[in-house]
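Trainee: below are the sequence and a predicted model; questions follow.
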Amino acid sequence: IGKIKDLDISPILGADDPYHYRNKVIEPFSFVDGVVITGFFKRKTHDVFEVEENFLNSELGNKIIKEMKNILNSSEKKLSVYDEKTHKGVLRHIMVRTNSFGEAMVVLIVNAQKDNPIILKALKELTEKVKEVKSVYISINKERTNFALGRENFNVLGDKTLKERLFGIEFNISPTSFFQINIEQTKKLYQTALDFSSGIEDKIVVDAYSGTGTI
């Protein structure tokens, strides 16, 4: 891409485990044969299909999304699913963040008010059934957009942030934080950067576009 000739490329440092590495996933909701599902968009469409297991999502993340769907489908008053064409319906996306301590943050993205009693009841039931859920948010997205998270995110249960630790330093992650999604590869990436950065002890280093500020 850069049209640079005679460039030496170091070997790629691949992942030791290519499965269940993502500490953040967002899945869209859909309504199929009377059942609320989540999943992926079919190629070149916004039609959602469900998979038995998301091999990229963390195992805890998969467990949480599965339980959330069970709760939503067993509810006496089922929540409607958002329809892009009509701009009606409540459930849009679910986002799950997990950390290396076996804890999770859940963000339910909806086209509704934050005080919807059915939504709050479902989320409370989730925390009772999955004790690893330490933080719960409702994200309000009433716009016609493909962007998942809304402009307003309300902490309705538990902690405001999810903690993660890198090289002995703790970071607080919110729903809108940018944080590398593969913690083990992040360690390799940052260690490689450190190995290239000898002689910087007496210098000022700027981490531009820093996201959560990990580097």
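Mentor: Here it is on my side, so go on. Residues are numbered from 1 along each chain as shown.

Trainee: which secondary structure element of this structure has the lowest mean pLDDT?
Mentor: None of the helices or strands of the chain scores lower by mean pLDDT, DSSP states H and E than helix 183-195, at a mean of 92.

Trainee: packing partners of the helix ranked longest in the chain?
Mentor: Counting residues, the longest helix in the chain under DSSP state H turns out to be helix 59-74. Under the contact criterion of 3 or more C-beta pairs under 8 Å, 6 or more residues apart in numbering; DSSP states H and E, the helices and strands touching helix 59-74 comprise strand 24-32, strand 35-38, strand 91-98, strand 104-110, helix 117-129. C-beta here means a position set from N, CA and C on the backbone, and glycine is covered the same way.

Trainee: got the ones you listed as a markdown table, with mean neighbour count and mean pLDDT columns?
Mentor: Converted to a markdown table, the helices and strands packed on helix 59-74 look like this (neighbours: other C-beta atoms under 10 Å; pLDDT from 0 to 100):
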| stretch | mean neighbour count | mean pLDDT |
| --- | --- | --- |
| strand 24-32 | 20 | 97 |
| strand 35-38 | 18 | 96 |
| strand 91-98 | 24 | 98 |
| strand 104-110 | 26 | 98 |
| helix 117-129 | 16 | 96 |
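
Trainee: on that earlier part again, next, the angle from the longest helix of the chain to strand 24-32.
Mentor: With axes from the mean of the first three to the mean of the last three C-alpha atoms, to 10 degrees applied, the angle from helix 59-74 to strand 24-32 works out at 30 degrees.

Trainee: can you list contacts of helix 59-74?
Mentor: 20, 22-23, 25, 27, 35-38, 53-54, 57, 78-79, 91, 94, 96, 98, 102, 104, 106, 108, 122, 125-126, 129-130, 132-133 (C-beta atoms under 8 Å, 6 or more residues apart in numbering).

Trainee: swap the cut-off to 7 Å and go again
Mentor: Helix 59-74 has contacts (C-beta atoms under 7 Å, 6 or more residues apart in numbering) with 20, 25, 27, 35-38, 53-54, 78-79, 94, 96, 98, 102, 104, 106, 122, 125-126, 129-130, 132-133.

Trainee: now stretch 33-46
Mentor: By C-beta under 7 Å, 6+ apart, the list of residues contacting stretch 33-46 from outside reads 27-30, 47-51, 65, 69, 72-73, 78, 81, 84, 91, 94.

Trainee: again, 8 Å this time
Mentor: Outside stretch 33-46, the residues within contact range by C-beta under 8 Å, 6+ apart are 27-31, 47-51, 65, 69, 72-73, 78-79, 81, 84, 91, 94.

Trainee: my read is that residue 165 contacts residue 100, right?
Mentor: Yes. With contacts counted by C-beta atoms under 8 Å, residue 165 reaches residue 100, the gap being 7.0 Å.

Trainee: now the residue nearest the centre of the chain: how far from residue 181?
Mentor: With distances taken as C-alpha atoms, centre = their mean, the residue of the chain nearest its centroid is residue 24 (3.0 Å). Residue 24 is 5 Å from residue 181, where distance means C-beta to C-beta, to the nearest Å.

Trainee: cool, residue 205 as well?
Mentor: Residue 205 sits 24 Å away from residue 181 when distances are taken as C-beta to C-beta.

Trainee: ditto for residue 129
Mentor: Relative to residue 181, residue 129 is positioned 25 Å away (C-beta to C-beta).

Trainee: pLDDT score for residue 75?
Mentor: Looking at residue 75, its pLDDT is 78.
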